[in-house]
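>>> attaching a predicted model along with its sequence, questions to come.
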Amino acid sequence: MAISKAMIVFPLLCFLFSTISTLSHPNTLVCNETEKRALLSFKHALFDPAHRLSSWSTHDDCCGWNGVYCHNITGRVIKLDLMNPDSYNFSLGGDVSRAYSYNFSLGGHIVSRAHGYNFSLGGKVSPALLQLEFLNYLDLSWNDFGGTPIPSFLGSMRSLTYLDLHCASFGGLIPPQLGNLSNLQYLSLGSGYSFYEPQLYVDLQREVHWLESTSMLSSLSKLYLVACELDNMSPSLGTSHIPLNELHLSYNQLTGQIPEYIGNLSSLTSLSLNANRLNGTLPSSLWLLSNLELLFIGNNSLADTISEVHVNKLSKLKHFGMSSASLIFKVKSNWVPPFQLEELWMSTSQIGPNFPTWLQTQTSLQYLDISKSGIVDIAPKWFWKWASHIDPLIKLSDNQISGNLSGVLLNNTYIDLSSNCFMGELPRLSPQVSRLNMANNSFSGPISPFLCQKLNGKSNLEILDMSTNNLSGELSHCWTYWQSLTRLNLGNNNLSGKIPDSMGSLFELEALHLHNNSLSGDIPPSLRNCTSLRLLDLGGNKLSGNLPSWMGERTTLTALRLRSNKLIGNIPPQICQLSSLIILDVANNSLSGTIPKCFNNFSLMATIGTEDDAFSFLKVFSFIEYDYENLMLVIKGKESEYGSILKFVRSIDLSSNDLWGSIPTEISSLSGLESLNLSCNNLMGSIPEKMGSMKALESLDLSRNHLSGEIPQSMKNLSFLTLWSPLTKNCTEDEDFQGIDVIDENEEGSEIPWFYIGMGLGFIVGFWGVCGALLFKKAWRHAYFQFLYRVKDWVYVAIAIRLNRLQNNLREPEFMGKVSHTSPFPKPINVGFYFLENK
């Protein structure tokens, strides 16, 4: 009996041990050989520059391959997850972790996919996938399939419950065969490209009713159709039997009002209609969706006033976005919301002028953006302590919020307080702050206490912008505390003293702005240690000494602005080693010597249409949008700020110095140069004949030099050129020379003073010659006034006679003929001077 029990128990124990072992070590399964061959065929059709599929080998079991998941018991392939692993993952709330979770509705921007692009798979999606008959999960998102259509054979993979193809550069129409996927529960299609880059998108304009003709709606619970060119919301979405939990239709072309039937989708937990063309008021049924956890309706043309009455039923709301200038959020000051938000995006919405006191009830906030929201108020005392728990983002920019931040501790990863009315000394920072923007406020006092503050740990600050304030004092020697900085802007303040040598310890620094202060002394040689430097703006100071030759070692330098200082000496030839330079501005100094002939080494100025990758440093992704480096440049006689278009500018400004010699012919090879200013120097000789080959040139200022000769014939083809010419006497008189209007400034300048002197003397002589005679000769005076009286009488009689004749004529019958409105006179001709006209 004992033996028979043992015979029964032993096989059961073996089976149990085998099952537990299989479940514990799924990779020990041996995959189906047919499916293995299918996966290898699928791999061979792909382009894999990063070798992400290197583990897919004939010698290894496919259940252990990267991205392949097999059933724990049967060993059949059930999941294929090939999402680009290096894509940005903005999983808001953690529920949807597919790098795209809430359609990047943050602040109304779509995230660029440039990050991780080299890890993208490409090529062709092979129909060999059809042999994976048990596959229920397929994710190819954030790859690059080069605009090829979505494969129609995917509609035959009836086992699919999860299909994610978004941001994979598929193009064309959605194949109607996808409607055959009756078991599909999750569908995500569309684009996630930045608006500043070329988009490959899914076009639904001719197939807007495809959802109505499909059978998959009966099981679909999550639908993501983002940037798919949809222009209307299918009425079939409003039928009560659809079990939709998440509906994301952001970045389409949806027009009209949000349909009232949206309230029929009572199971919705997530609704995003961000960045469309929706208008009108919000439907009352929207506020009945009591299960909503996410609601994004911003960046449309919706116009409505939302009060506490509307949102009182949304007790589960965690993610709320209504960034739109025509949406007003008006609640009572003592209102206590029924929800606890994790995100609040209300940029450009009107929630002011009072500071929203209801925020202090929200203890779970992680993202707060109330920029440009019309707040004109003092930040309440409770705010900064409450805000210290918000992480990672707090954005209050472009309001009129005031308050003294002296002693306040900022504890958020991303902080933007720019363009407000904050005052007092600078606040303190915690080590976790990564990006801090306090530009355009009224902060005052010395900057040293801020720079030399003792942090409770190593600083992680990467971006610091405190420009356009009233900061004073000298720059401290505490820069070794801030070695993580990549961008620093202290321009437009009252800083004085020398640039400290310790700034050379900022090894990661890419952009340095110290313009428009009162800094003095030499440019420190320690800055040569900033090997990552790409942009240097020290203009508008009192810097002296020579232009450092070591700057030529910083071959990655793209923009160099040193204008309006007291620099002396020659322009060192080493500067020509800056092959990446697109902006060179050393105007208004005391530089002397000749212009180096090696300027033709500025290779980026010699090309047109440079790849954007060369200027990627000019923009930085600030979590919800791009921030751009900017420079103040004088082009065409006007000083302007260049930001997002800075990468397109090619400019050299050497004006207002003491340069002499001739204009080097080599400068003519800079065919991509758009602005060249050599005015107010002592240049001699003629304009180089080959300057007409500079096809991109739009502004050329050679005035106030000692140039001679004729304008080169080759320049007549530069039709967009604005020319400031100093030529004396010998000017080209070719009638065909159009588009360049020349004014001889040197010749005109010598004649104008004598003209005014002569005019003044003539007036004095004429005035006193007449008035003096009348004053001293009584007989002449009487005769003169008698003459005036007679003239007055003659004019009066003449007017009276003509008025009488006119009255008589009006009494006669009107002439009944047809009056021509065609004037017998030629059209008037406007005659004027075109001075430096950009045609």
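Nice, thanks for sending it over.
>>> measure the residue nearest to the spatial centre of the chain to residue 73 for me?
In the chain, the residue lying closest to the centroid (Cα atoms, centre = their mean) is residue 626, at 4.7 Å. Distance of residue 626 to residue 73, given as Cβ to Cβ, to the nearest Å: 49 Å. Yep, even glycine has a C-beta here, placed from its N, CA and C like the rest.
>>> cool, residue 156 as well?
26 Å.
>>> quick check: residue 142 touching residue 120?
Yes: using Cβ atoms under 8 Å, residue 142 is in contact with residue 120, at 7.1 Å.
>>> which neighbours do these two share?
Common neighbours of residue 142 and residue 120, using Cβ atoms under 8 Å, 6 or more residues apart in numbering, are residue 84.
>>> between those two, who's got more neighbours?
Each of residue 142 and residue 120 has its neighbours counted (other Cβ atoms under 10 Å); residue 142 has more, 29 against 23.
>>> quick one, what contacts the closest residue to residue 172 other than its chain neighbours?
Once flanking residues are discounted, residue 172 sits nearest to residue 149: 4.0 Å by Cβ to Cβ, 6 or more residues apart in numbering. Taking Cβ under 8 Å, 6+ apart as the criterion, residue 149 is in contact with 170-173, 175.
>>> swap in residue 153?
Residue 153 touches 127, 129-130, 177, counting by Cβ under 8 Å, 6+ apart.
>>> which of the three states applies to it?
Three-state assignment for residue 153 (DSSP: H, G, I helix; E, B strand; the rest coil): helix.
>>> need the strands for the stretch 151-300 of the chain, in chain order.
Using DSSP state E, counting those that start in this stretch, the strands of the stretch 151-300 of the chain run over 162-164, 186-190, 222-226, 246-248, 255-256, 270-272, 277-280, 294-296.
>>> over to the stretch 1-150 of the chain?
Under DSSP E, counting those that start in this stretch, the stretch 1-150 of the chain gives strands at 46-47, 68-70, 77-81, 122-123, 137-139.
>>> can you list these in JSON lines and add mean pLDDT?
Output for the strands of the stretch 1-150 of the chain, formatted as JSON lines (pLDDT from 0 to 100):
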{"stretch": "strand 46-47", "mean pLDDT": "93"}
{"stretch": "strand 68-70", "mean pLDDT": "95"}
{"stretch": "strand 77-81", "mean pLDDT": "95"}
{"stretch": "strand 122-123", "mean pLDDT": "92"}
{"stretch": "strand 137-139", "mean pLDDT": "96"}
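>>> which one of those lies nearest to residue 510?
strand 122-123 (30.4 Å; Cβ to Cβ).
>>> helices or strands next to the closest one in the packing?
strand 46-47 (3 or more Cβ pairs under 8 Å, 6 or more residues apart in numbering; DSSP states H and E).
>>> what helices or strands is the strand it packs on leaning on?
Using 3+ Cβ pairs under 8 Å, 6+ apart: strand 46-47 touches strand 122-123.
>>> partner strands of the strand it packs on and their direction?
Strand 122-123 pairs in its sheet with strand 46-47 (antiparallel), by DSSP bridges.
>>> so what touches the strand it pairs with?
By Cβ under 8 Å, 6+ apart, strand 46-47 touches 53, 121-124, 126.
>>> going by distance to residue 162, which of those residues wins?
Using Cβ to Cβ, these come closest to residue 162 at residue 121, 18.1 Å.
>>> surely the closest one is in contact with residue 144?
Yes: look at residue 121 against residue 144 with Cβ under 8 Å: they come within range, at 7.4 Å.
>>> what bits of the stretch 1-150 of the chain have low per-residue confidence?
Residue ranges of the stretch 1-150 of the chain with pLDDT under 70: 1-29, 87-118.
>>> let me see the ranges of the helices in it.
Secondary structure of the stretch 1-150 of the chain by DSSP state H, counting those that start in this stretch: the helices cover 2-24, 33-44.
>>> then the chain?
2-24, 33-44, 308-311, 381-387, 448-451, 745-776, 778-811 (DSSP state H).
>>> gap between the second one and the chain center?
A distance of 44 Å separates the centroid of the chain from that of helix 33-44, by Cα atoms, centre = their mean, to the nearest Å.
>>> so the residue nearest to residue 345 when sequence neighbours are not counted bridges to which residues?
The shortest distance from residue 345 to any non-neighbouring residue, by Cβ to Cβ, 6+ apart, is to residue 321 (3.7 Å). For residue 321, the beta-bridge partners are residue 296, residue 345 (DSSP bridges).
>>> my read: residue 321 touches residue 295, true?
Yes: contact criterion Cβ under 8 Å: residue 321 and residue 295 qualify, at 7.2 Å.
>>> contact partners for residue 680?
So residue 680 contacts 655-657, 703-705 (Cβ under 8 Å, 6+ apart).
>>> so where is the stretch 201-350 of the chain shaky, pLDDT-wise?
201-217, 239-241.
>>> OK, contacts around the closest residue to residue 311 other than its chain neighbours?
Nearest residue to residue 311, sequence neighbours excluded (Cβ to Cβ, 6+ apart): residue 287, at 6.6 Å. Residues near residue 287 by Cβ under 8 Å, 6+ apart: 310-311, 313-314.
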